[in-house]
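1. coords below, sequence missing:
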């Protein structure tokens with residue numbers, strides 16, 4: 001696709017940059033992400049109908065903060081939308097005043113528009129904030145459109161000659177901003193006059209062609225299977241593109257999976273006719289993790305051992321590519337792909353491919369989000385029993401045990417997690433939740449069971465709602481449900497005497513604890 005008649009997004013390091021692109025594409029308008037410092041002539045030659053400046057983790061006053069000295073020239077190319085850091089950058093660069101605030105705004109907050117932005121956006125609404133700086137004085141030629149409940153500018157627009165700009169201190173692209181899609185729609189269609197030119201509904205044909213173009217006509221692919229949605233869709237996609245004889249799938253039982261999961265996974269793969277080799281490697285993983293508490297070290301160890309096991313498992317199967325079910329949220333939390341985003345955590349299936357293997361990497365889902373992958377899976381006729389599973393991290397229970405990993409703690413966590421998921425399914429709640437799990441905490445507390453004193457472990461329940469995994473809210477269970485789960489765990493799982501429920505949203509927290 002050509003960006004001409006589409007939207008260019010300049011990435012200043014936001015964790016949500018790809019989400020902006022996706023939201024625009026959901027409006028059936030093509031969008032493309034470029035680095036924040038992309039050459040002006042390159043942007044100009046693309047002939048976009050609109051430009052979006054993403055948010056980012058920096059302050060405009062930080063040393064080395066990403067900036068552009070040609071903002072006025074950009075504004076002459078096309079209408080521009082500055083989101084969060086993008087609004088602060090416009091304000092600072094065009095003569096306004098930005099300052100650090102002692103009262104940071106994170107999460108949901110109410111705003112009030114001076115007048116309706118469009119017929120679909122109410123005067124008062126709830127939005128998602130994530131910033132420390134604020135715009136104190138508006139740039140020359142700009143007017144305020146909305147203020148937050150804390151009295152700060154939440155939206156501004158220019159009245160200067162040229163294409164002009166709209167600035168939003170909040171994130172319209174995240175699902176937790178009410179009417180966020182309508183706000184973006186107003187910018188894309190009313191200000192930019194964009195035309196619908198993008199159809200992302202049929203992904204499989206496009207991705208199959210991409211795989212064929214990347215993988216040579218005689219090359220073979222090693223596919224890393226975990227049992228989750230992402231790797232399953234990847235394996236089916238590769239098989240459809242290349243045929244069974246060129247795709248060698250390996251399932252590694254790391255010993256870090258949930259109760260009875262390895263057996264269930266292999267059974268499911270046989271039912272969808274995937275050729276899979278199963279490798280039991282529990283002892284190897286657990287021996288390498290002895291005494292390791294730091295979550296980053298655990299992730300990297302698991303990633304390294306995973307690849308080492310693969311090398312041995314495939315020594316009789318010469319191949320040129322390694323396929324992984326990496327998704328965009330994995331990528332953006334691990335490394336900046338376009339701008340200057342901050343690394344949140346390493347993912348064992350991102351950037352962990354040792355050169356000594358001599359394999360090239362193919363990640364057909366790398367630019368997609370979980371719900372898009374599920375839609376792709378439905379297009380590929382994969383059964384819902386596989387597509388409907390909650391996300392499960394590549395390092396498995398290794399990062400749901402906070403602290404060092406051992407077999408005893410794994411058994412405690414498996415049993416507690418099984419009870420939680422079992423109750424969700426019994427109460428028909430599983431399908432309403434994006435991700436649910438139990439984390440085993442590295443603390444002990446005093447308790448009473450019968451007439452005796454206990455000094456046992458604490459587990460934390462985590463259940464969130466989300467659309468894409470980039471933002472999430474905790475699920476509001478009925479008290480009676482939590483009481484029942486807590487009672488079952490403390491009665492049925494030896495070694496646990498206390499259960500807590502995590503009510504943190506993302507941001508500021510992540511979904512996983514480690």
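-> Now that the structure is in, tell me what you want to look at. Keep in mind that this is a model prediction, so the values were computed, not measured.

2. residue ranges of the strands in the stretch 1-150 of the chain, please?
-> Counting by DSSP state E, counting those that start in this stretch, the segments of the stretch 1-150 of the chain that form strands are 7-11, 31-35, 50-53, 80-83, 97-113, 124-137, 142-148.

3. could you dump those strands to TSV with mean pLDDT, distance to residue 72 and mean neighbour count?
-> C-betas here are computed from N, CA, C, even on glycine. Below are the strands of the stretch 1-150 of the chain laid out as TSV (pLDDT from 0 to 100; distance: least, Cβ to Cβ, whole Å; neighbours: other Cβ atoms under 10 Å):
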stretch	mean pLDDT	distance to residue 72	mean neighbour count
strand 7-11	95	15	27
strand 31-35	88	19	19
strand 50-53	96	13	28
strand 80-83	96	11	27
strand 97-113	80	17	15
strand 124-137	86	18	19
strand 142-148	92	13	18
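
4. For residue 492, find the nearest of these.
-> In this view, the strands of the stretch 1-150 of the chain are compared for proximity to residue 492 by Cβ to Cβ, and strand 97-113 is the closest at 35.5 Å.

5. partners of that closest one in the sheet?
-> Looking at strand 97-113 with DSSP bridges, its paired strands and their directions are strand 124-137 (antiparallel), strand 142-148 (antiparallel).

6. Format these as CSV; extra columns: distance to residue 218.
-> CSV is the format used below for the strands paired with strand 97-113 (distance: least, Cβ to Cβ, whole Å):
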stretch, distance to residue 218
strand 124-137, 48
strand 142-148, 59
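
7. Out of the ones you listed, flag the one nearest residue 280.
-> Across the strands paired with strand 97-113 (criterion: Cβ to Cβ), the nearest stretch is strand 124-137, sitting at 43.4 Å.

8. can you name the farthest residue from the center of the protein?
-> Checked against the mean C-alpha position of the chain, the extreme residue using Cα atoms, centre = their mean is residue 451, at a distance of 46.9 Å.

9. Next one, pLDDT for residue 340 please.
-> The per-residue pLDDT reported for residue 340 equals 54.

10. no wait, residue 224
-> In the predicted model, residue 224 carries a pLDDT score of 84.

11. ok, now which ones touch it?
-> Counting by Cβ atoms under 8 Å, 6 or more residues apart in numbering, residue 224 makes contact with 231, 250, 252, 306, 310, 322-325, 349.

12. Quick one: neighbours of the residue nearest to residue 456 when sequence neighbours are not counted, just the number.
-> Once flanking residues are discounted, residue 456 sits nearest to residue 497: 4.0 Å by Cβ to Cβ, 6 or more residues apart in numbering. Under the neighbour criterion other Cβ atoms under 10 Å, residue 497 is assigned a count of 21.

13. Report the secondary structure state of residue 497.
-> When the structure is reduced to helix, strand and coil (DSSP: H, G, I helix; E, B strand; the rest coil), residue 497 reads as strand.

14. ok, it touching residue 450?
-> No. If you go by Cβ atoms under 8 Å, residue 497 and residue 450 don't touch, sitting 11.8 Å apart.

15. Other residues contacting the helix or strand residue 473 falls within?
-> Secondary structure assignment for residue 473, by DSSP states H and E: strand 473-474. Contacts of strand 473-474 from elsewhere in the structure, counted by Cβ under 8 Å, 6+ apart, are 176, 462-466, 501-506.

16. Turn the residues you listed into JSON lines, columns for neighbour count, pLDDT and secondary structure.
-> As requested, the contacts of strand 473-474 are arranged in JSON lines below (neighbours: other Cβ atoms under 10 Å; pLDDT from 0 to 100; DSSP: H, G, I helix; E, B strand; the rest coil):
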{"residue": "176", "neighbour count": "20", "pLDDT": "82", "secondary structure": "coil"}
{"residue": "462", "neighbour count": "24", "pLDDT": "98", "secondary structure": "strand"}
{"residue": "463", "neighbour count": "27", "pLDDT": "98", "secondary structure": "strand"}
{"residue": "464", "neighbour count": "22", "pLDDT": "97", "secondary structure": "strand"}
{"residue": "465", "neighbour count": "17", "pLDDT": "95", "secondary structure": "strand"}
{"residue": "466", "neighbour count": "23", "pLDDT": "89", "secondary structure": "coil"}
{"residue": "501", "neighbour count": "14", "pLDDT": "98", "secondary structure": "strand"}
{"residue": "502", "neighbour count": "14", "pLDDT": "98", "secondary structure": "coil"}
{"residue": "503", "neighbour count": "12", "pLDDT": "97", "secondary structure": "coil"}
{"residue": "504", "neighbour count": "16", "pLDDT": "95", "secondary structure": "coil"}
{"residue": "505", "neighbour count": "19", "pLDDT": "92", "secondary structure": "coil"}
{"residue": "506", "neighbour count": "20", "pLDDT": "90", "secondary structure": "strand"}
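
17. any idea which of those is closest to residue 212?
-> residue 466 (32.8 Å).

18. Give the next helix or strand downstream of the strand holding residue 473.
-> The helix or strand immediately downstream of strand 473-474 is helix 479-492, counting by DSSP H and E.

19. Which positions in that following helix come out as buried?
-> By neighbour count, with 16 or more other Cβ atoms under 10 Å as the criterion, the buried positions of helix 479-492 are 482, 484-486, 488-490.

20. go on, stretch 186-202?
-> Within stretch 186-202, the residues that qualify as buried by neighbour count (16+ other Cβ under 10 Å) are 186-189, 191-192, 194, 198.

21. Just the residues contacting that stretch, thanks.
-> Here stretch 186-202 makes contact (Cβ under 8 Å, 6+ apart) with 1, 5-7, 24-31, 49-50, 78-79, 81, 117-118, 120-121, 164, 166, 379.

22. Check stretch 144-153 too.
-> Contacts of stretch 144-153 with the rest of the structure, by Cβ under 8 Å, 6+ apart, involve 101, 103, 105, 109-115, 117, 129, 134-135, 138, 154-157, 166, 169.

23. Could you do stretch 282-296 as well?
-> For stretch 282-296, contacts defined as Cβ under 8 Å, 6+ apart pick out 253-256, 298, 301-302, 304-305, 308-309, 345-346, 398-399, 402-407, 442, 514.

24. What residues of that stretch count as buried?
-> Of the residues in stretch 282-296, 282, 284-286, 289, 292, 295 count as buried by neighbour count, 16+ other Cβ under 10 Å.

25. So which of those residues is the closest to residue 271?
-> Of these, the one sitting nearest to residue 271 (Cβ to Cβ) turns out to be residue 282, at 24.5 Å.

26. how near is that closest one to residue 459?
-> For residue 282, the distance to residue 459 (Cβ to Cβ, to the nearest Å) stands at 22 Å.

27. Repeat that for residue 97.
-> With distances taken as Cβ to Cβ, residue 97 is found 49 Å from residue 459.

28. Same question for residue 480.
-> As defined by Cβ to Cβ, residue 480 lies at a distance of 19 Å from residue 459.

29. Please enumerate the strands of the stretch 351-500 of the chain.
-> Assigned by DSSP E, counting those that start in this stretch, the strands in the stretch 351-500 of the chain fall at 360-362, 435-449, 452-465, 473-474, 496-501.
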